[in-house]
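Engineer: dropping a prediction and its sequence here:
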Amino acid sequence: MKRHLLFLLLLVSISVSAQVEHGLLVGGGVGFALRDDQQIMPPSDDLKYNHNLKVNGMIGYRFRFLPERMFFYDLDVTVGFQNMNSHKYSPFLAADGDYVGHSDGEKDFSEFIMPVSVAASWNIRFSKNCYFGLGVAPTLYARPQAVFDLPVLAKLGCRAGRHCELSLSYQYGCLNTLKHFNDGPAYGRTGRLSDFMFSVYIPFTIK
């Protein structure tokens, strides 16, 4: 608890003494499950999965360092909300030569996914109001199981006004996250998570 308090005090002191802008960050988008198990060619007894990640949401807070300069830095602390539907099946070779799902043992289930992320990005302006950025977003998935991931991200943003900024970002998970979401009916799957996100940044403090 003391360490968390010291970290919070450090952020506050930095925002007071340095050139920092900060504010609310909200967003929505769509996710993708990049499945490693698609590389296993049937016929096989291995289980297969089809994943459908529905529209996801995000809320958080952004600290922007050196906001008036050509090169600036963002630190985003966010919590995400996402639902993933999965269809599990065993592949077999049909009479026409196509691989299809086996009717025996098929199962559909859904999971609520909640990533908690601290994303750091380096950004460069290519016009007065628009910029491009690259970064990393260390993420802890609090649900369905506690799993760590280290996504990389790219984003494109544009200032729409003094107190509004719009951006589009893509985030690619570098670690095999799905293999840790394997309790219960999900046993046997592998893969990475990625998403496209449209976000709105509302700065409260501008220096």
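Structural biologist: Arrived safely. Numbering: from 1, shown residues only.

Engineer: CA only for contacts and neighbour counts going forward, please
Structural biologist: Fine.

Engineer: any idea how far apart the tips of stretch 125-143 sit?
Structural biologist: 36 Å (C-alpha to C-alpha, to the nearest Å).

Engineer: stretch 142-160 too?
Structural biologist: One end of stretch 142-160 to the other measures 33 Å (C-alpha to C-alpha).

Engineer: next: stretch 58-73.
Structural biologist: Stretch 58-73: ends 20 Å apart by C-alpha to C-alpha.

Engineer: please work out which residues outside the host helix or strand of V200 touch it.
Structural biologist: Element membership of V200, judged by DSSP states H and E, is strand 192-205. Here strand 192-205 makes contact (C-alpha atoms under 8 Å, 6 or more residues apart in numbering) with 21-36, 62, 151, 163-178.

Engineer: show me what it pairs with in its sheet, parallel or antiparallel.
Structural biologist: Strand pairing for strand 192-205, using DSSP bridges, gives strand 20-34 (antiparallel), strand 164-172 (antiparallel).

Engineer: can you tell me which of those the model trusts least?
Structural biologist: Lowest mean pLDDT within the strands paired with strand 192-205: strand 20-34, a mean of 89.

Engineer: let me have the strands paired with strand 192-205 in JSON lines, extended by mean neighbour count and distance to K128.
Structural biologist: Shown next, in JSON lines, are the strands paired with strand 192-205 (neighbours: other C-alpha atoms under 10 Å; distance: least, C-alpha to C-alpha, whole Å):
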{"stretch": "strand 20-34", "mean neighbour count": "19", "distance to K128": "17"}
{"stretch": "strand 164-172", "mean neighbour count": "18", "distance to K128": "13"}
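
Engineer: for A142, which of those strands is the nearest?
Structural biologist: Judged by C-alpha to C-alpha, the one of the strands paired with strand 192-205 that comes nearest to A142 is strand 20-34, at 16.8 Å.

Engineer: now the angle from the helix or strand in which G57 is found to strand 192-205?
Structural biologist: Per DSSP H and E, G57 falls inside strand 55-65. Strand 55-65 and strand 192-205 are oriented at 50 degrees to each other (axes from the mean of the first three to the mean of the last three C-alpha atoms, to 10 degrees).

Engineer: switch to numbering from 304
Structural biologist: Taking 304 as the first residue, the last one we looked at is strand 358-368.

Engineer: touching strand 358-368 from outside, list them.
Structural biologist: By C-alpha under 8 Å, 6+ apart, the surrounding residues in contact with strand 358-368 are 321-334, 375-386, 504.

Engineer: report the beta-bridge partners for the closest residue to G330 other than its chain neighbours.
Structural biologist: Spatially, and ignoring its direct neighbours in sequence, G330 is nearest to S502 (3.9 Å; C-alpha to C-alpha, 6 or more residues apart in numbering). With DSSP bridges as the criterion, S502 is bridged to G330, S470.
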